[in-house]
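*Asks:* here are the coordinates; sequence isn't available:
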C-alpha cells in the first residue's frame, strides 16, 4: 500500500529532476570600459570598432559552446562569469606583468574570470597576416578576446581534465595566447571537448542576451 502511494510522488520527482537537467547553465560575459590606441589602427579605437569587437567575441563564444546546454548572457551575477577588462596582472610575480587572462573557480559552485583587452588588442596586431586590413585586425581582436574567454570558461566548467595539457596550437586548451591561431583561422576543442559534452550535453532551451 505504501509503495503504491509513493509512485506518483516518485514520478513527480523524476519529472522535476529531468526539468532541472534541461535548464541551461548561464555564462555571464561582458565588457568593462576599455580603450586601445595604435598607429597601425590609425589611432584610438572608436565606439563602432568596440561594437564590432564585442560582436565578434560573442560569436566566438556561441561557436565554441554550440550544442551544449550553456547560454551566454550579460548577466554579471551568473554562476560562471568572465569579464573583459583593460588589463590583467600576474600577481604571482614580484614585478608587474600582464597576462592574457585568469580564472578562479570552485567546482559545482561557480567561477569568476577576466581577459585582458590590451593584451589581445596588441596580439591581433602582432600576429596579423601580411597585408591584413584594419577591419581584419579589428575582427582579430574580437576573436582573440572571445577565444580567451572560452579558455577561461573551460577552466571554470570542466572537471577532471587538465585544460593546459593539450599541445595543439589550434585548440582552445593551448596554454598560451601568443600564437597566430588565437586571432586568425578556425579553432577547435581538444581534451576538454568530450568532457564538456558529458557535463553539458544537449541544446539550450532558449538564448539569453
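*Replies:* Received it, and whenever you're ready, just let me know what you need. Fair warning: this is a prediction, and the values are worked out from it, not measured in the lab.
*Asks:* centre of the chain to the lengthiest helix in the chain, how far?
*Replies:* Ranked by number of residues, the top helix in the chain under DSSP state H is helix 134-157. Computed by CA atoms, centre = their mean, to the nearest Å, the separation of helix 134-157 from the middle of its chain amounts to 7 Å.
*Asks:* for this protein, name the helix or strand with the lowest mean pLDDT.
*Replies:* Between all helices and strands in the chain, the lowest mean by mean pLDDT, DSSP states H and E belongs to helix 2-22, at a mean of 42.
*Asks:* point out where this structure drops to low pLDDT.
*Replies:* Counting by pLDDT under 70, the chain has low-confidence residues at 1-22, 91-97, 202-209.
*Asks:* grab the nearest non-local neighbour of the residue nearest to the spatial centre of it.
*Replies:* Nearest residue to the geometric centre of the chain (CA atoms, centre = their mean): residue 150, 2.4 Å. Of all residues not flanking residue 150 in the chain, residue 64 sits nearest, at 4.3 Å (CB to CB, 6 or more residues apart in numbering). From N, CA and C alone the C-beta is placed, and that goes for glycine too.
*Asks:* quick check: the one you found vs residue 165, distance?
*Replies:* Distance, residue 64 to residue 165, by CB to CB, to the nearest Å: 18 Å.
*Asks:* try residue 109
*Replies:* From residue 109 to residue 165 the distance is 24 Å (CB to CB).
*Asks:* residue 64 and residue 165: who's more crowded?
*Replies:* Between residue 64 and residue 165, residue 64 has the larger neighbour count (other CB atoms under 10 Å), namely 23 against 11.
*Asks:* residue contacts, that one?
*Replies:* The neighbours of residue 64, taking CB atoms under 8 Å, 6 or more residues apart in numbering as the test, are 146-147, 150, 172, 187, 189.
*Asks:* I'd like those residues as TSV, with distance to residue 98 appended.
*Replies:* Formatted as TSV, the contacts of residue 64 follow (distance: CB to CB, whole Å):
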residue	distance to residue 98
146	19
147	18
150	20
172	21
187	22
189	27
